[in-house]
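In: sequence and predicted structure below; questions after.
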Amino acid sequence: MGGPKGVLALDGRPILERLLNRLVWPGPTLLVRALGREHPPGWRLFTNEVTDPVVGVGPLRGILTAVENASTNEVVVLPIDIPNVTPAPLAWLAARLRDHPAAAAVMVEQPGHAPSRIEPLHAGFRAPTAQTLVRTRLGDGQLALHRLTESSEVVVVPVSSVLAKQFLGQPQHTI
């Protein structure tokens with residue numbers, strides 16, 4: 001993308017502002033950003049902002065930072081570079097996490113792929129158990145977020161093609 005995602009602008013507005021304005025999320029919001037990239041434009045709209053203290057480990061480390069600093073037991077994560085996502089798929093994901101109370105995480109399986117493909121950054125995590133799972137993976141040097149699905153503590157839920165497009169923020173048209 002030619003630079004840090006957090007400083008991108010769309011239609012003259014910071015990407016983070018656009019994301020939060022579209023989501024109208026009913027609970028607390030947490031911005032996890034990389035060391036040295038504190039306070040990107042729009043950061044003040046979040047309930048809290050934290051720095052991932054370890055550089056260069058990737059998204060799995062960011063997930064650990066999120067679940068360690070979450071003010072709620074259930075955490076829904078998404079990347080900031082999908083600013084057109086709507087609230088419906090995230091609420092659906094939070095509901096799937098509640099459907100599986102013993103799960104450390106719920107991850108989404110994209111439709112129409114053989115073999116199946118996991119969408120790793122649209123996921124729901126249960127903070128206490130996810131912390132243990134993610135710490136163990138990081139300690140074992142397993143950095144691939146999608147490989148969390150190898151754990152029996154992670155539930156993979158299929159998603160319809162319509163909902164998958166909503167996760168990506170693609171407009172839906174009816175004829």
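Out: Received it, and whenever you're ready, just let me know what you need.

In: which residue ranges of the chain form strands?
Out: Per DSSP state E, the chain carries strands over the ranges 9-10, 13-14, 30-34, 48-52, 74-77, 105-110, 117-126, 154-158.

In: in a markdown table, list those along with mean neighbour count.
Out: (Each C-beta comes from the backbone N, C-alpha and C, glycine too.) Shown next, in a markdown table, are those (neighbours: other Cβ atoms under 10 Å):
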| stretch | mean neighbour count |
| --- | --- |
| strand 9-10 | 12 |
| strand 13-14 | 17 |
| strand 30-34 | 21 |
| strand 48-52 | 17 |
| strand 74-77 | 21 |
| strand 105-110 | 21 |
| strand 117-126 | 22 |
| strand 154-158 | 17 |
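
In: so can I have a markdown table of those strands showing distance to residue 24 and mean pLDDT?
Out: Below are the strands of the chain laid out as a markdown table (distance: least, Cβ to Cβ, whole Å; pLDDT from 0 to 100):
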| stretch | distance to residue 24 | mean pLDDT |
| --- | --- | --- |
| strand 9-10 | 17 | 82 |
| strand 13-14 | 15 | 89 |
| strand 30-34 | 16 | 93 |
| strand 48-52 | 18 | 95 |
| strand 74-77 | 14 | 94 |
| strand 105-110 | 21 | 90 |
| strand 117-126 | 18 | 85 |
| strand 154-158 | 23 | 92 |
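
In: could you export these as TSV, including distance to residue 63?
Out: What follows is these, written out as TSV (distance: least, Cβ to Cβ, whole Å):
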stretch	distance to residue 63
strand 9-10	25
strand 13-14	23
strand 30-34	8
strand 48-52	9
strand 74-77	6
strand 105-110	9
strand 117-126	7
strand 154-158	12
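
In: which one, of those, ends up nearest to residue 143?
Out: strand 117-126 (11.3 Å; Cβ to Cβ).

In: parallel or antiparallel, list what pairs with the closest one.
Out: Using DSSP bridges, strand 117-126 pairs in its sheet with strand 74-77 (antiparallel), strand 105-110 (antiparallel).

In: can you lay out those strands as TSV showing distance to residue 135?
Out: Output for these, formatted as TSV (distance: least, Cβ to Cβ, whole Å):
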stretch	distance to residue 135
strand 74-77	15
strand 105-110	13
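
In: out of the ones you listed, the one nearest residue 21 is which?
Out: Of the strands paired with strand 117-126, nearest to residue 21 by Cβ to Cβ is strand 74-77, at 17.3 Å.
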